[in-house]
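Novice: Predicted model and sequence below, questions to follow.
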Amino acid sequence: MAEGSPPIDLRTPLSLRSSYSFPLQSAESRHEVLIGALWLLVPIFGWLINMGHRIRFVHNMQHGKPPWPAFSGTGELLRHGAVTFLGMVWYGWPGVSLFIGGAYFAYPMLMVLGFALWLLAVIAIPGYMTHYCYAFDTREIFDPRRALRRVAEGGLAYWHAWTVAASAMLLSFLGLFAFGIGFLWTSVWFWQVAGFSFATVFTQAFELQDSEALPSSPLPEGAS
């Protein structure tokens, strides 16, 4: 981010440039990408702590605070990461179970149904994540119908966030060319880009922010 430019936060119109730049916009944000990559060297717990970190920096911005630092309080980060991961499991287990059952019994239609339900679960997950970030209310997580309703209300902006996240995911694999270990950093960058993108859409659409007034529309302006 150029010197003197306004910070990228949840009021910034969603675009490839704003989302890609968000985790890299300052020395502090880049330092936290480095910390996140090092945490990934700790199996399971490191991934959950990174998840908690994404929840923390979104929560900070929703309440008018700087997003960073957000790696303090490891126990709290682990708790946020664990409870949101349990939500992912809750949403995904029906589809995964049907797919495995279809594969075991050689029943392709059951596999197709399982994959469709799993895909629906993936689509629904961002529908609870940003709302959980706002007040840390676990009731926001375990209600797939509410999450899917929010996804529908997110409209085109929600699907734009998916295009940003998907493109960042593909770019993150370039880290494999840095002796493989570079993927630790690029994957953390990708997850922060994705988290910021979906949080921007839902924070603006549902006015989940305490500070200044948000833009009137969640749709991207001049998205690239």
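Specialist: The structure has been received and is ready for your questions. Residues are numbered from 1 along each chain as shown.

Novice: so where's the longest helix in the protein?
Specialist: helix 74-104 (DSSP state H).

Novice: Now do the same contact list for the nearest residue to P94 once chain neighbours are set aside.
Specialist: The spatially closest residue to P94, leaving aside those adjacent along the chain, is L117, at 5.3 Å (C-beta to C-beta, 6 or more residues apart in numbering). Bear in mind the C-beta positions are built from the backbone N, C-alpha and C, glycine included. L117 is in contact with P94, G95, L98, counting by C-beta atoms under 8 Å, 6 or more residues apart in numbering.

Novice: Could I get the average pLDDT for stretch 76-90?
Specialist: Mean pLDDT, stretch 76-90: 98.

Novice: Just confirm W68 contacts E28, I think it does.
Specialist: Yes. Applying C-beta atoms under 8 Å, one finds W68 in contact with E28, separated by 4.6 Å.

Novice: quick one, which of these two is more surrounded?
Specialist: W68 (20 against 12; other C-beta atoms under 10 Å).

Novice: who are the neighbours in contact with the more buried one?
Specialist: S26, E28, S29, E32, F57, N60.

Novice: Give the PyMOL command for selecting the buried subset of the residues you listed.
Specialist: Selection of buried members from those for PyMOL, criterion 16 or more other C-beta atoms under 10 Å:
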select buried, resi 26+29+32+57+60
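
Novice: now, which of the contacts of W68 sits nearest V89?
Specialist: F57 (23.4 Å; C-beta to C-beta).

Novice: Do I have it right that that closest one meets S72?
Specialist: No. F57 sits out of contact with S72 when judged by C-beta under 8 Å, with a separation of 11.5 Å.

Novice: Low-confidence bits of this protein, can you list those?
Specialist: Scanning the chain for pLDDT under 70 picks out the ranges 1-4, 211-224.

Novice: thinking again about what came up before, just the element for the residue nearest to P94, please.
Specialist: Per DSSP states H and E: L117 is located in helix 108-124.
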